[in-house]
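Asker: I would like to see how this sequence folds:
(one chain, ligands or ions: 1)
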Amino acid sequence: MSKAELYVELSKINEKDAERVLKKCAEIVEWREDCAVLDIGCGPGNVTHNVIVPALPKAALIVGIDKQLAVVDYANAKYATNEPRIKFEAVDVVSDGGFVANHREDFHHIFSFYCLQFVRELELALRNIYTMLKPGGSFAFICSVHNDFFSIMSHMAKMEKWTPHISQYENYLYPYESSPHPDEEIRSLLLKVGFQVMDLTMDPQHCKMPFADASEFVVCRVPFELPGEIQREFVLESADAIRSLKLNEVDENGTEFFNYKLTALECLAVKPPLL
Ligand SMILES: C[S@@+](CC[C@H](N)C(=O)[O-])C[C@H]1O[C@@H](n2cnc3c(N)ncnc32)[C@H](O)[C@@H]1O
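Answerer: From the prediction side, this is the model:
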């Protein structure tokens, strides 16, 4: 199975979270009938297609962007061929200045689900998002903090064997992962960029999954390409890392689980309307 297929298979929780945030947004934001929408860090496109499209008016046009070409190709093949309202493009929200310049004040609504925790240059990303929003437009996102995924990456990055492959994982980690008050830091950053913050909450989450799924759950979330044979070994060895970090649990029947914890930071912000 490709990384994109694995992700779709193992990301039902992400779909539920996005659904909840869209419902909450609909209580505050009025969708325009023909709204232009951007989904940043769309991954393989399942959240864009299964959650964002059904929540918006029928005439909405949605662009999903992701910096990994393989997931964008998968998303286009699987979700965009028979759905003229969606298209997916390979774009890095931090460094693709051309995309940002071509889409200045283009979008009524921007979403980003579980992407921004991978963005080291968060301020630049938020400035780009602000630039692409229409005045009065909304930006809703979820990102994680205190995520076990990063403890596993950090544990493996210290192992000699894995250092050459994943030591750069910190380049894909935003500055607030271990901050004691990430909500306040992100609120300040949003205000500095010019957003009005309508809602910002933190929701601790705990997911207990069969241990057999644990390593693939981790590997399909790695936000950069690992070569095929390395990926297979990574899957096997991340299981050892999960056990060393005691993120596993064996119940009274001898069944092993992966206890995965993170805190979801959910936010709705708007770009002030023109006076
Ligand atoms: C965990 S996946 C989330 C996918 C989907 N939004 C969901 O909720 O299931 C995070 C995605 O963000 C993408 N990503 C990370 N940094 C990015 C950046 N700077 N620009 C665009 N996409 C980025 C990764 O490539 C990855 O596909």
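Asker: my hunch is that Ala140 is in a strand, does that hold up?
Answerer: Yes. Under DSSP: H, G, I helix; E, B strand; the rest coil, Ala140 sits within a strand.
Asker: Can you name the residues of the stretch 51-200 of the chain sitting close to the ligand?
Answerer: 65-68, 71, 92-94, 113-115, 118-119 (Cβ under 6 Å from any ligand atom). C-beta here means a position set from N, CA and C on the backbone, and glycine is covered the same way.
Asker: closest to Ile129 among the residues you listed?
Answerer: Among those, Val93 lies closest to Ile129 (Cβ to Cβ), at 7.1 Å.
Asker: dump the residue contacts of that closest one.
Answerer: With contact set as Cβ atoms under 8 Å, 6 or more residues apart in numbering, Val93 has these partners: Ile40, Gly41, Ile65, Lys67, Ser112, Cys115, Val119, Ala125, Asn128, Ile129.
Asker: Downstream of whichever strand or helix holds Ala4, the next helix or strand is which one?
Answerer: Assigned by DSSP states H and E, Ala4 belongs to helix 3-9. For helix 3-9, the succeeding helix or strand toward the C-terminus, using DSSP H and E, is helix 12-28.
Asker: Can that following helix be said to contact the ligand?
Answerer: Yes. Applying Cβ under 6 Å from any ligand atom, one finds helix 12-28 touching the ligand at Asn14, Ala18.
Asker: what about that helix, distance to the chain center?
Answerer: Distance of helix 12-28 from the chain centroid (Cα atoms, centre = their mean, to the nearest Å) equals 13 Å.
Asker: got the CA coordinates for it in PDB?
Answerer: Only the C-alpha atoms of helix 12-28 are listed here, as PDB (Å, rounded to 0.1, in the frame of the first residue of the first chain):
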ATOM      1  CA  LYS A  12     -10.800   8.400  10.200                       C
ATOM      2  CA  ILE A  13     -10.200  10.300  13.400                       C
ATOM      3  CA  ASN A  14      -8.900  13.300  11.400                       C
ATOM      4  CA  GLU A  15     -12.100  13.300   9.300                       C
ATOM      5  CA  LYS A  16     -14.300  13.400  12.500                       C
ATOM      6  CA  ASP A  17     -12.200  16.400  13.900                       C
ATOM      7  CA  ALA A  18     -12.600  18.300  10.600                       C
ATOM      8  CA  GLU A  19     -16.300  17.600  10.600                       C
ATOM      9  CA  ARG A  20     -16.700  19.000  14.100                       C
ATOM     10  CA  VAL A  21     -14.700  22.200  13.200                       C
ATOM     11  CA  LEU A  22     -16.700  22.700  10.000                       C
ATOM     12  CA  LYS A  23     -20.000  22.400  12.000                       C
ATOM     13  CA  LYS A  24     -18.700  24.900  14.600                       C
ATOM     14  CA  CYS A  25     -17.600  27.300  11.700                       C
ATOM     15  CA  ALA A  26     -21.100  27.100  10.200                       C
ATOM     16  CA  GLU A  27     -22.500  28.600  13.300                       C
ATOM     17  CA  ILE A  28     -20.400  31.700  13.000                       C
END
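Asker: re the thing from before, the helix holding Ala4 - contacts with which helices or strands?
Answerer: Using 3 or more Cβ pairs under 8 Å, 6 or more residues apart in numbering; DSSP states H and E as the contact test, the elements touching helix 3-9 are helix 69-75, helix 211-219.
Asker: how about that helix: buried residues?
Answerer: The neighbour-count check on helix 3-9 (16 or more other Cβ atoms under 10 Å) flags Lys3, Ala4, Leu6, Tyr7, Val8 as buried.
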